[in-house]
Each structure stands twice: as C-alpha cells, then as structure tokens.
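> sharing a model that was predicted from the sequence below.
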Amino acid sequence: MASNPAQAATIRDAEIEHTIRSYASPLLTANGLEPSDVTFHIVKDDSVNAFVTGGQKIFLTTGMLMAAAHPGQVIGVLSHELGHITGGHLARLSSAFDQRRKQALIGRVIGVAMGILAKDARVVAATSAKAQDIARKSLHKYTRSQEQAADQAAINTLDHNRMSARGLLEFLELLQNQELLVRSRQDPYLISHPLTSSRIAFVRNHIAGSPFSNTPVTERLNSIHKRLLAKLRGFINPPAKTLYLYKPEDQAIGPRYGRAIAFYRNSQFVEAIKLINGLIKELPNDTFFHELKGQILFENGKLTDALRSYERAVTLRPSEPLLRVGLAHVQIELNQPNLINSAIQNLEQALRFDRLMPLTWRLAAIAYGRGDRLGLSALMSAQYNTLIGRHSDARGQAKRAMRLLPEKSPNWLRAQEISNSSSPAIRR
C-alpha cells in the first residue's frame, strides 16, 4: 500500500483496487460502460464518503470501506454513484450552480438598487440574503432530485444483475443517524448526498417487492471483502488495535492477514514473516500474499529475498502495474547493472497501464539515469514533477531533456510540450 505524493490522501494498493473492480464489474456492464470508462480512487479519510468527479472518477474513502460490514453495502454505494455518472448529474449540477449563482447575484443587484432608493443599507442586506437563501434552497432541492434519480438507477442496476438492494438500504440507514448530528460533525456524504426519509422508504419499498432481495452475496465476494477489511485495518489502524481485533486463536485468512500486517508495521519482522509464509503455504498462487512478503522483506533490507517475492507476484499478475513498480523498485535498490534493463522494462510496462502514479516516473528517471540514457532520465523527471505539481522543476528538466534527446523525436516533442506549458498534462 502506497500514498500518492500528488494527492497525499490518495492511496494505491493493487489488491484493494482489484477488489473494488470485482464489485463494480457487473455494475459497469449493466450500465453499458467499459472497465476503462470509469476509474476508482481510494482516499485515506476516516469519514464515510463516496463521490463522483469529472472524467468519470469514483472516489471512495477508507472510512466508507471500513464501515461496510459486507460487500453488498459497497456494491450499493457503487451502483448509486454510477447512477450519477450515467445520469450526467455532474455536468447538470455545474449548470445548476451557475444558474443559482446568477439568481443570488441578481438578488444582490436588486437589493442594492432598492437600498439606494430607500436610502437604507439594511434593505440591501435583507434583500441580498433572501435571494441567496432562495438560491440555496433551490439548489438543495435540485440535488435531492438527483439523489433520488441515482437511487432509481442503482436499484435498476442491481435488479439487472439479480442482486439485492439490502446493502444500499443498510448503508442509507447507517447514515440516517448522522442527520441527528450537528452539521460540523456530519460525514461529508450526507452534505453532498442529501438524505431524506423518502429515499430510505423508496429503497425499502423496492426490497419488499424485488425477487432478488434475499439473494446472498457470493462467497467469493464475502471472502475478498474480509481481506479488504483486514488489509485496511492492518495498514490504517494502530497495530495494537488490529492485534486486539484479530485474536491469535482466529485462524481464518482475514485475521491472519491483518495480524501479519500489524506485526510488520510494529517492526516485529519474525512474527510477520511467519504469518505470511503460512498464508502462502496455504494459498501458494495468491498474488497479494507474495506482494506483501516482498514489501516486508524489502523494507527490512532483505532485498534479494524481496526480489524473488515480487518476481513471483508479477508472474502471477503480469498486467498489474503496481506490482511491476514494486519489482522495479527492488531491482533499482539492488543496484546491479544486470537488473537495470529489467527494471526499465517493468516500468515501461507499468506506464502502459497507469501513467498517473508519480513513483513510476521517479523510478524511471533513476533507472534511465543508471542506464546512461540521460535524455530519457530528464524527461521522466519532468513527468514526475508535473504530476506532483512542481511545474518550474518540470520545465527545467524538460529543457534539459530537449538538449539531450534527438530533435523532433516523439520524446523530444513530449519534453517540448512540458517546457512550453505552465501546467502541462500527462499524455495518455
């Protein structure tokens, strides 16, 4: 599990992202979307929240994922957020904001005019405040209608996949108690997704009549959800809390996984390796157990052993970019000339699938530099600095790349693009 320096709250983890994709895959198909149409992002935040942004991006907080008792609740949230995407709500909401701002501005202009005529500044304040209040209530009403439309789309999607909507209802009921809190203590989900009793009643009525309401979530999804919870708790909660939650006598996979992570974070190397080796013995072809073992070994300075673990993980899932980045990182740290070309190949493969992870570009800059390919090293550094918002450094590295790369070559042109832009975008 790694943080994204460009967005400090965003975390990257191959297993968690794979799990979310497993939940979302049938939902995307039901809505006529390709897997590449929507991207999912995990935000390290204790609040219970999920939201959609431009470019069809769905963000889920770790607080929301950890609050979900079973995968049906996450699936319900995802189906609702996809309802916002397929309904085009984000674009319409932007237009609605513009309209309400104009309403408030017109009200203020009228207030000023009336105040001048009445020669009373209080008229200005009162009229302007009233206009803003009307605009706010109008926008809130508009947002509620979008939430209801997204709920309708969600239950349609769930029915299409013969899935129960109980998870969605349970999630809404979980949030219902939040309405009793003062606004400053409410989770952001409630503020951005206004909750009304009619929404809960709507989903409850659907469950009463749907033939799929008692359809259980598959055992596979239940299993990977328990692992998701164990991993999040292991990496986010204090190790002592995780070890208290997952008792040694509980020999299920999830609790052992969580304890292994807690021991690793608590610098108890022997205990962590013993647990992860036991899990690998039981499931020798589990990609993510090999990845965790590689991470534990790597961060404890056992690079040669870590190399073998990451190589095994990449063999099991060769198209997973985060695993290739992990393997390349070990290869670079070993600092052996015979591994540099392999590290470059792994990083190039990772960039084919994911060009928005800063660590990939930074490692590529190092690897190309050690391979004496200084022009490409400077270009990779420029891309890295672009992603983390250091545009002055990015332009400087881009200019250096242009001096070293063949003029008018594709890489030279990419460097020129960064050099000429104050806020360049990474090409896909």
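Arrived safely, thanks for sending.
> every contact and neighbour count from this point should use C-alpha atoms.
Fine.
> least confident secondary structure element in this structure?
Lowest mean confidence among the helices and strands of the chain (mean pLDDT, DSSP states H and E): helix 89-118, at a mean of 44.
> burial of N31, as a residue count?
Neighbour count for N31, taken as other CA atoms under 10 Å: 18.
> verify the contact between it and T157 for me.
Yes: the pair N31 / T157 is scored as a contact, 7.1 Å apart, by CA atoms under 8 Å.
> where's A382 relative to D372, distance?
A382 sits 17 Å away from D372, going by CA to CA, to the nearest Å.
> er, L347 actually
16 Å.
> the more surrounded of these two?
L347 (26 against 11).
> so who does the more buried one touch?
Neighbouring residues of L347 by CA atoms under 8 Å, 6 or more residues apart in numbering: 324-325, 328, 360, 363-364.
> what about those residues, which are in helices?
Of those, the ones assigned to helices by DSSP state H are 324-325, 328, 360, 363-364.
> would TSV of the residues you listed with neighbour count and distance to A240 be doable?
Below are the ones in helices among the contacts of L347 laid out as TSV (neighbours: other CA atoms under 10 Å; distance: CA to CA, whole Å):
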residue	neighbour count	distance to A240
R324	27	32
V325	27	30
A328	29	32
T360	26	33
L363	22	34
A364	30	37
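> between the residues you listed, which sits nearest E291?
R324 (10.4 Å; CA to CA).
> can you tell me the helix or strand for the residue nearest to that closest one when sequence neighbours are not counted?
Take R324 and drop its neighbours on the chain: the residue closest to it by CA to CA, 6 or more residues apart in numbering is N346, 5.3 Å away. Using DSSP states H and E, N346 falls within helix 337-353.
> average model confidence for that helix?
The pLDDT scores in helix 337-353 average 96.
> check stretch 211-223 too.
For stretch 211-223, the per-residue pLDDT averages 96.
> for that stretch, buried residues please.
Residues 212-213, 221-222 are the ones in stretch 211-223 that count as buried (16 or more other CA atoms under 10 Å).
> in strands, which of those appear?
The members of the buried residues of stretch 211-223 all map outside strands under DSSP state E.
> out of those residues, the closest to E170 would be?
For these, the nearest to E170 is S213 (12.5 Å; CA to CA).
> quick check: closest non-adjacent residue to the closest one.
Nearest to S213 is S164, by CA to CA, 6+ apart, at 4.3 Å.
> doesn't that neighbour belong to a strand?
No: the assignment for S164, made by DSSP: H, G, I helix; E, B strand; the rest coil, is coil rather than a strand.
> so where's the stretch 101-250 of the chain uncertain?
Filtered on pLDDT under 70, the stretch 101-250 of the chain yields the residue ranges 101-144, 177-196.
> what segments of it are helices?
Under the criterion DSSP state H, counting those that start in this stretch, helices of the stretch 101-250 of the chain are mapped to 121-160, 166-176, 188-192, 197-209, 219-236, 239-245.
> buried set for stretch 400-411?
Within stretch 400-411, judged by 16+ other CA under 10 Å, the buried ones are 400-402, 404-405, 411.
> how long is stretch 261-273 end to end?
End to end - CA to CA - stretch 261-273 spans 10 Å.
> show me what that stretch is in contact with.
231, 234-235, 238-240, 242-243, 259-260, 293, 296, 300.
> any idea how far the residue nearest to S213 is from G375?
Counting by CA to CA, the gap from S164 to G375 is 55 Å.
> before we move on, the earlier item: how about a markdown table for the contacts of L347, with distance to I418 added?
Converted to a markdown table, the contacts of L347 look like this (distance: CA to CA, whole Å):
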| residue | distance to I418 |
| --- | --- |
| R324 | 26 |
| V325 | 24 |
| A328 | 26 |
| T360 | 18 |
| L363 | 19 |
| A364 | 17 |
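> can you list the residues you listed in a markdown table and add distance to F202 and pLDDT?
As requested, the contacts of L347 are exported to a markdown table (distance: CA to CA, whole Å; pLDDT from 0 to 100):
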| residue | distance to F202 | pLDDT |
| --- | --- | --- |
| R324 | 46 | 98 |
| V325 | 46 | 98 |
| A328 | 51 | 98 |
| T360 | 46 | 97 |
| L363 | 51 | 98 |
| A364 | 52 | 98 |
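> for the residues you listed, which one is nearest G88?
Among the contacts of L347, and counting by CA to CA, the member closest to G88 is T360, at 33.0 Å.
> pretty sure the closest one sits against L351.
Yes: T360 sits in contact with L351 when judged by CA under 8 Å, with a separation of 7.3 Å.
> before we move on, the earlier item: between the ones in helices among the contacts of L347, which is nearest L307?
The closest of these, once distances to L307 are taken by CA to CA, is A328, at 9.0 Å.
> which residues does that closest one contact?
Contacts of A328 (CA under 8 Å, 6+ apart): 342-344, 346-347, 363.
> and the residues you listed, which two are the farthest apart?
Maximum distance among the contacts of A328 (CA to CA): 12.6 Å, for S342 and L363.
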